[in-house]
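K.L.:
Based on what follows, work out the 3D shape:
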Amino acid sequence: MNFRIGHGYDIHRTTTAPGRKLVLGGVTFPEAGFGLDGHSDADCLTHAICDALLGAAGLPDIGHFFPNTDPAYKDIDSQVLLRRVTAALAELGWRPVNIDASLIAERPKIQPRLAGMKAALAASTGLPVECVGLKATTNEATDEIGRGLAIAAHAVALIERVPPLE
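P.N.:
I've put the predicted structure just below:
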């Protein structure tokens, strides 16, 4: 098989813990006034993309490679994790072809930062920015996401086998 598809999902609760900033898709939202609770920077969008890439390659999820019990990953920038995932795929002979993701959040407004998020995610995966699809929606004030108590993301990724060097 030369192509594979993977799906990823992640969700994190919001927190107003001192010093915790909101990071989504590698972009910081200082105006949000809250962050996401997690061991790393809790960038749920990047985590969903990592899981989509790992799943496409038939590998375990992000928590297997970067456990929240390991102090080495405390507050780590999730773009570092995404670069490591991309490198792990390359070692197995795979490379990303495209990513498509949906971010679900009531606040803050995501649209003004989509281009920056796409650029950060493209840089971390080695993809052209036009190969990163990104959408943002709300949960229409339903459940914990809709009440602003959490942010979630879904992602799919297509990877392809890298032709061997001759």
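
K.L.:
Tell me the secondary structure at the residue nearest in space to the middle of the chain.
P.N.:
What sits nearest the mean C-alpha location of the chain, by CA atoms, centre = their mean, is residue 46, with 1.2 Å. Classification of residue 46 using DSSP: H, G, I helix; E, B strand; the rest coil returns helix.

K.L.:
As a check, name the ranges of all strands in the chain.
P.N.:
Using DSSP state E, the strands of the chain run over residues 3-15, 23-24, 27-28, 35-36, 94-104, 132-137, 150-161.

K.L.:
so which of these gets nearest residue 116?
P.N.:
Nearest to residue 116, of all the strands of the chain, is strand 27-28, at 4.7 Å by CB to CB. Placement of C-beta: from N, CA and C, glycine included.

K.L.:
in its sheet, what does that closest one sit against?
P.N.:
strand 23-24 (antiparallel) (DSSP bridges).

K.L.:
helices or strands up against the least confident helix or strand in the chain by mean pLDDT?
P.N.:
Lowest mean confidence among the helices and strands of the chain (mean pLDDT, DSSP states H and E): helix 143-146, at a mean of 94. Using 3 or more CB pairs under 8 Å, 6 or more residues apart in numbering; DSSP states H and E as the contact criterion, the elements in contact with helix 143-146 are strand 150-161.

K.L.:
For the strand it packs on, which residues meet the burial criterion?
P.N.:
Of all the residues in strand 150-161, those buried under the rule 16 or more other CB atoms under 10 Å are 150, 151, 152, 153, 154, 155, 156, 157, 158, 159, 160.

K.L.:
Kindly reformat these as CSV containing distance to residue 60 and pLDDT.
P.N.:
Compiled in CSV, the buried residues of strand 150-161 are given as follows (distance: CB to CB, whole Å; pLDDT from 0 to 100):
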residue, distance to residue 60, pLDDT
150, 24, 98
151, 24, 98
152, 21, 98
153, 19, 98
154, 19, 98
155, 16, 98
156, 18, 98
157, 15, 98
158, 20, 98
159, 16, 98
160, 21, 98
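
K.L.:
Check the gap between the residue nearest to the centre of the chain and residue 162 for me.
P.N.:
Using CB to CB, to the nearest Å, residue 46 is found at 23 Å from residue 162.

K.L.:
In the protein, where is pLDDT below threshold?
P.N.:
By pLDDT under 70, the low-scoring segments of the chain are 165-166.
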